[in-house]
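# dropping the sequence and predicted coords here.
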Amino acid sequence: MGKLVSMLYPKMTATRREEKLDGMWKFCFDPEEKGEQEGWTNGLPGRGAKAELLPVPASFCDFFTEKEKREFTGDFWYERDFFVPGEWKGSRVYLRFGSVTHRAAVFVNGRAVGGHEGGFLPFSLDITEAIRYNETNQVVVKGNNELADDTLPAGQTKILPSGRKMTKPYFDFFNYAGIHRSVWLVSVPNCAIEDYTLSYRLEGEDAVVSYEVEVTDTANELTAGKLIANKLRVKLSVYEEEGDLAAEGEAFWKEETIRKEGTILKGELRVPAVHLWRVRNAYLYRFCFRLYEGDSLVDEYWEDQGIRTIEVKGCEILLNGEPVYLKGFGKHEDSDIIGKGFSAGVMKRDFELMKWIGANSFRTSHYPYSEEMYQMADQEGFLVIDELPAVGFMESLQNFDIAALGKMVPYFLKPTTESLLANHLNALEEMIKRDKNHACVIMWSLMNEPETTSEAAVDYFAKVFERARELDVQKRPRTFAMLANSLPDTCHCYSFSDVISLNRYYGWYIAGGYEIEEAEAMFRKEMDAWAAKGLNKPFIFTEYGADTYASEHKLPSVMWSQEYQKEYLDMYSKVFDSYDFVKGEQVWNFADFQTVEGIKRVDGNKKGVFTRQRQPKDSAFYLKERWESLEQ
Ligand code: EVA
C-alpha cells in the first residue's frame with residue numbers, strides 16, 4: 001500500500017493543477033477473482049468496441065437489468081486512460097479518489113501504486129514514479145464491496161449454492177458499490193502545503209483565527225534545520241466575499257517552535273468587525289495560504305471558510321454563543337439509477353427542498369458524504385452532523401436469522417473487535433482530517449445504533465470518543481445515535497455523548513396505528529426517565545419516522561398512508577415541545593431510499609418526507625408549517 005497523502009480538495013492555484021477523470025470507464029465484474037492472474041492490472045479484457053463502459057461517478061448496481069449484476073458482491077474492476085502534461089515534470093503527481101466503495105487497489109501502467117480501505121472517504125496516491133510524461137497512461141482500479149464483522153459499515157458475505165457471493169448488511173440501506181465520487185489527476189509542488197487547520201475565538205466585534213499549517217517535502221526530507229535555512233514562511237491572507245483583504249498574517253519557522261511542533265507552523269490573526277457564519281445566513285471568507293522560500297512562491301492553496309464558534313453549554317447547543325434548534329433530516333446519498341454516486345443535480349435539488357421546508361440541518365447518516373455536500377452546506381448555512389460509517393454494530397438489526405436462533409453475542413466481545421476498532425479509528429482520523437475546517441460541521445456522530453447494553457461496549461466507546469476529542473482542534477461536540485433499546489436504565493454509553501441523540505420509533509415499530517396513544521405514553525415515560533437523570537445536556541432526535549407510500553391516502557388513517565405519517569410526526573412534535581432539553585428534530589428520512597429486499601421493505605425504505613424522485617408527501621407541508629414557525 002502506498003503512503004496516504006494530503007486530503008486537501010483538488011484545486012487549481014498558482015502552483016497546483018487538477019483534472020477530473022470522470023466519465024466513461026471500462027468495467028468488468030470478477031466473480032471468480034481471476035483478475036490478477038489474468039493480468040487485468042495491465043488492462044481489462046475487451047478492447048475497443050468489445051469493452052463494457054460504465055459512468056464514474058456512480059454505483060454500478062442499478063444500470064444493469066440482470067439481478068446478479070445489481071446484487072454483485074466481490075471484486076470489480078475499472079480502467080481508463082489519462083494524459084500527463086510534460087509541464088508537470090518536477091512536481092508530484094497524484095491520483096485522488098473521492099471514494100471507492102468499500103475498498104480499492106490501484107495500478108498505474110501496470111504498477112501497484114496503493115489502495116484504500118473504507119468506502120466513504122477520499123484517498124490520494126502518489127503516482128509520480130509510475131507515470132510517463134506527455135504520453136497516455138493507464139489507471140486500473142480493483143474494487144471490492146464485501147462486508148464483514150469488522151468493516152465500516154458492518155455486515156456479512158454469504159455464499160449461495162451457485163457459489164455466487166451475496167451481501168447481508170447489518171444495516172438498512174442498499175450496499176451500493178463502485179467509484180462513487182470524482183477521480184482527479186493532480187499535480188502539486190514537491191514542497192507543499194499538506195494540510196491546514198482553523199479554529200476561532202470571538203473577541204467583541206472581532207474574530208481571532210488560530211491556524212496551523214503543515215508543510216511536506218516529498219523530494220527531500222523536511223527537517224527543522226532545512227525549514228529555517230530555506231527561509232520557508234507561510235503567509236495567510238483572508239479575503240472578504242467582495243475580494244477585499246480582511247486580514248493577513250505571516251509566520252516563519254523558528255527553532256523553538258520547530259522543536260516542539262515538527263513541521264507544523266502555528267499562527268494567529270485577527271479579523272476585525274467579523275461577518276460571522278450564521279445558520280441559513282452564511283458568510284464565507286477566502287483563506288489563502290501561500291508558502292514562500294525567500295521571496296519565491298513555492299505553493300498556494302485557498303478555500304472558502306465560514307468563521308463561527310460551536311459549543312455545548314448545559315442543555316444548549318451554541319453557535320456563536322447563541323442557542324440553535326436543529327430542524328431537518330437524516331439523509332442518504334441515494335437516488336435513481338446512480339445509487340450512491342455523486343450528482344451535483346441531486347445535491348442541488350436536495351438543498352432547494354430543505355430550504356423550502358424550513359430545515360436548517362441534516363445528519364450525514366450513515367457515512368461521510370461527498371465533499372461537495374459540505375461545501376454547499378457551508379454556502380447555504382446548514383448545520384451538519386457528520387457521521388462515520390460505523391453502522392451495523394448490532395448483528396441482530398438486519399440479520400434476523402441469527403437473532404431468531406438466539407446466537408447474538410455482544411458486538412464488542414466478538415473476536416473481530418480489535419480490527420473493527422482499528423478500522424473505526426482510521427476512518428475517524430480520515431473524516432476529521434477531511435472535514436475539520438467546515439463551518440457547517442457542528443458535531444461528530446461516531447456511531448449509529450451500536451449495541452450499548454453490555455459492559456463490553458464501554459471500553460470501545462472510550463477509545464473512539466477520546467480519539468475524536470484529541471483529533472479535533474475545534475473540540476466540536478461528539479455524539480452517537482441511540483437505538484430503541486439504549487434506554488436510561490439499559491445503556492452503558494450515553495455519558496460519552498456531549499449531545500444525546502435518540503433514534504425513536506414509538507408509533508411505528510412499537511405500538512403503531514390505533515395504538516399511537518399508547519406509543520405516546522411510552523415515549524413520554526422514557527423522556528421522563530431521561531429528565532429524572534438530570535444530565536444537563538442537550539437532547540436531539542436523530543431519527544423518528546413512519547414508512548409512507550406516496551400513493552396511499554386513507555381516511556381515517558392507516559399505517560403506510562400519508563395521513564398516518566402526519567399524525568405520527570405531529571405526536572412527536574407535541575412530545576418534543578413538552579421537554580425543554582430537546583434541542584433538535586431530524587426526521588427519518590429526507591427521501592425514500594433503496595434497501596435490501598425483504599418483508600419489511602417495499603422496494604426500499606419509504607420513510608421519506610419526499611419520494612426518491614424528490615417530490616413532497618403530505619407530511620412535507622406539515623413540517624414546513626411547523627419549522628417555519630419555530631425559531632432557529
Ligand atoms: C428505519 N431505523 O427503520 C431506520 C433505518 C436506520 O433505516 C434505524 O438507524 O434505526 C436506522 O438506518 O427506517
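Thanks, I have the structure now.

# what's the least confident helix or strand in the protein, going by average pLDDT?
Scoring the helices and strands of the chain by mean pLDDT, DSSP states H and E places helix 400-404 at the bottom, with a mean of 47.

# you'd agree residue 101 is up against residue 120?
Yes: using Cβ atoms under 8 Å as the test, residue 101 is close enough to residue 120 to be in contact (7.0 Å). Placement of C-beta: from N, CA and C, glycine included.

# which residue, other than its chain neighbours, is closest to whichever residue of the chain sits closest to the ligand?
Proximity of the chain to the ligand (Cβ to the nearest ligand atom) peaks at residue 172, 3.5 Å away. Ranked by Cβ to Cβ, 6 or more residues apart in numbering and with sequence neighbours excluded, the top spatial neighbour of residue 172 is residue 595, at 5.3 Å.

# next, the contact list for the one you found, please.
172-174, 601, 604-605 (Cβ atoms under 8 Å, 6 or more residues apart in numbering).

# show me where pLDDT drops low in the stretch 201-350 of the chain?
Scanning the stretch 201-350 of the chain for pLDDT under 70 picks out 219-226, 255-262.

# now swap in the stretch 451-600 of the chain and tell me
In the stretch 451-600 of the chain, no residues with pLDDT under 70.

# so for residue 581, what's the nearest residue that isn't a sequence neighbour?
Closest to residue 581 by Cβ to Cβ, 6+ apart is residue 315, at 4.4 Å.

# pretty sure that neighbour contacts residue 531?
No: Residue 315 is beyond contact range of residue 531, at 10.7 Å (criterion: Cβ under 8 Å).

# so what sits against both of the two?
Joint contacts of residue 315 and residue 531 (Cβ under 8 Å, 6+ apart) are residue 581.

# you'd agree the residue nearest to residue 172 is in a strand?
No: going by DSSP: H, G, I helix; E, B strand; the rest coil, the assignment for residue 595 is coil, not a strand.

# phi first, then psi, for it.
phi -130, psi -180 (degrees, to the nearest 10).

# separation between it and residue 589?
11 Å (Cβ to Cβ, to the nearest Å).

# also residue 72?
From residue 72 across to residue 589, the span is 25 Å (Cβ to Cβ).

# can you give me the buried ones in the helix or strand following the least confident helix or strand of the chain?
As assigned by DSSP states H and E, the chain's next helix or strand after helix 400-404 is helix 417-435. Under the neighbour-count criterion of 16 or more other Cβ atoms under 10 Å, helix 417-435 has 417, 420-421, 423-424, 427-428, 430-435 buried.

# and the residues you listed, which is closest to residue 113?
residue 430 (18.5 Å; Cβ to Cβ).

# pretty sure the closest one contacts residue 121?
Yes: using Cβ under 8 Å, residue 430 is in contact with residue 121, at 4.4 Å.

# near the ligand, which residues of this structure show up?
Applying Cβ under 6 Å from any ligand atom, we find that the chain lies next to the ligand at 171-172, 366, 448-449, 503, 543, 588, 605, 607.

# top of those residues by neighbour count?
Of all these, the most densely surrounded is residue 448 (29 neighbours; neighbours counted as other Cβ atoms under 10 Å).

# so who does that residue touch?
Counting by Cβ under 8 Å, 6+ apart, residue 448 touches 171, 365-366, 387, 390-391, 480-481, 503.

# dump these into TSV; add distance to residue 631 and secondary structure as well.
Below are those laid out as TSV (distance: Cβ to Cβ, whole Å; DSSP: H, G, I helix; E, B strand; the rest coil):
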residue	distance to residue 631	secondary structure
171	34	coil
365	25	coil
366	29	coil
387	26	strand
390	33	coil
391	32	strand
480	27	strand
481	25	strand
503	25	strand
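
# of the residues you listed, which is the nearest to residue 150?
Using Cβ to Cβ, the contacts of residue 448 come closest to residue 150 at residue 390, 11.4 Å.

# mind putting the buried residues of helix 417-435 into TSV with pLDDT?
Listed next are the buried residues of helix 417-435 as TSV, based on pLDDT from 0 to 100:
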residue	pLDDT
417	95
420	97
421	98
423	98
424	98
427	98
428	98
430	97
431	98
432	98
433	97
434	98
435	98
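
# TSV please, covering those residues and showing distance to residue 253.
Below are these laid out as TSV (distance: Cβ to Cβ, whole Å):
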residue	distance to residue 253
417	42
420	40
421	36
423	35
424	35
427	32
428	30
430	27
431	29
432	25
433	22
434	26
435	27
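
# ok, residue 292 touching residue 232?
Yes: using Cβ under 8 Å, residue 292 makes contact with residue 232 at a distance of 7.1 Å.

# which residues are common contacts for the two?
residue 298.

# which one's more surrounded, the two?
Applying other Cβ under 10 Å to residue 292 and residue 232 shows that residue 232 carries more neighbours, namely 22 against 18.

# and that one, what is it in contact with?
191, 215, 252-253, 291-293, 298.

# now with 10 Å?
191, 215, 217, 222, 226, 251-253, 263, 265, 291-294, 298 (Cβ atoms under 10 Å, 6 or more residues apart in numbering).

# bridge partners for it, pull those for me.
residue 293 (DSSP bridges).

# chain neighbours aside, what residue packs nearest to residue 26?
Per Cβ to Cβ, 6+ apart, closest to residue 26 is residue 79, 4.2 Å.

# nope, residue 91 is what I was after
Residue 91's closest residue in space is residue 187 (Cβ to Cβ, 6+ apart), at 4.8 Å.

# tell me what the one you found is bridged to.
Applying DSSP bridges, one finds that residue 187 bridges with residue 17, residue 93.

# that one touches residue 18, doesn't it?
Yes: counting by Cβ atoms under 10 Å, residue 18 is a contact partner of residue 187 at 7.7 Å.

# hey, what's in contact with both of the two?
What both residue 187 and residue 18 touch, as defined by Cβ under 10 Å, 6+ apart, is the set 10, 12, 94.

# next, format those as a markdown table and append pLDDT and neighbour count.
Below are those laid out as a markdown table (pLDDT from 0 to 100; neighbours: other Cβ atoms under 10 Å):
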| residue | pLDDT | neighbour count |
| --- | --- | --- |
| 10 | 98 | 23 |
| 12 | 98 | 11 |
| 94 | 97 | 24 |
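
# which residues in the stretch 51-200 of the chain form helices?
67-70 (DSSP state H, counting those that start in this stretch).

# before we move on, what about the stretch 351-500 of the chain?
Under DSSP H, counting those that start in this stretch, the stretch 351-500 of the chain gives helices at 371-380, 400-404, 417-435, 456-471.

# could you say which one of those helices comes nearest to residue 329?
Per Cβ to Cβ, nearest to residue 329 of the helices of the stretch 351-500 of the chain: helix 371-380, 12.6 Å.

# which strands or helices does the closest one pack on?
Contacts defined by 3 or more Cβ pairs under 10 Å, 6 or more residues apart in numbering; DSSP states H and E place helix 371-380 against strand 296-305, helix 344-356, strand 361-363, strand 383-387, helix 417-435, strand 441-448.

# run through who's touching the third one.
By Cβ under 10 Å, 6+ apart, the surrounding residues in contact with strand 361-363 are 279-280, 324-331, 350-351, 354, 369, 373, 377, 382-387, 440, 442-443, 445, 448, 479, 481, 501, 540, 542-543, 584-588, 590.

# those, buried ones only, as a PyMOL selection?
PyMOL command restricting those to the buried ones, with burial defined by 16+ other Cβ under 10 Å:
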select buried, resi 279+324+325+326+327+328+329+330+331+350+351+354+369+373+377+382+383+384+385+386+387+440+442+443+445+448+479+481+501+540+542+543+584+585+586+587+588+590
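
# residue 394 and residue 414 touch, don't they?
No: contact criterion Cβ under 10 Å: residue 394 and residue 414 do not qualify, at 11.4 Å.

# pull up the overlap in contacts between these two.
With Cβ under 10 Å, 6+ apart as the test, residue 394 and residue 414 both reach residue 154.

# so residue 270 is in which element?
Assigned by DSSP H and E, residue 270 belongs to strand 264-271.

# in that strand, what's buried?
Buried-residue list, strand 264-271, by 16+ other Cβ under 10 Å: 264-265, 267, 269, 271.
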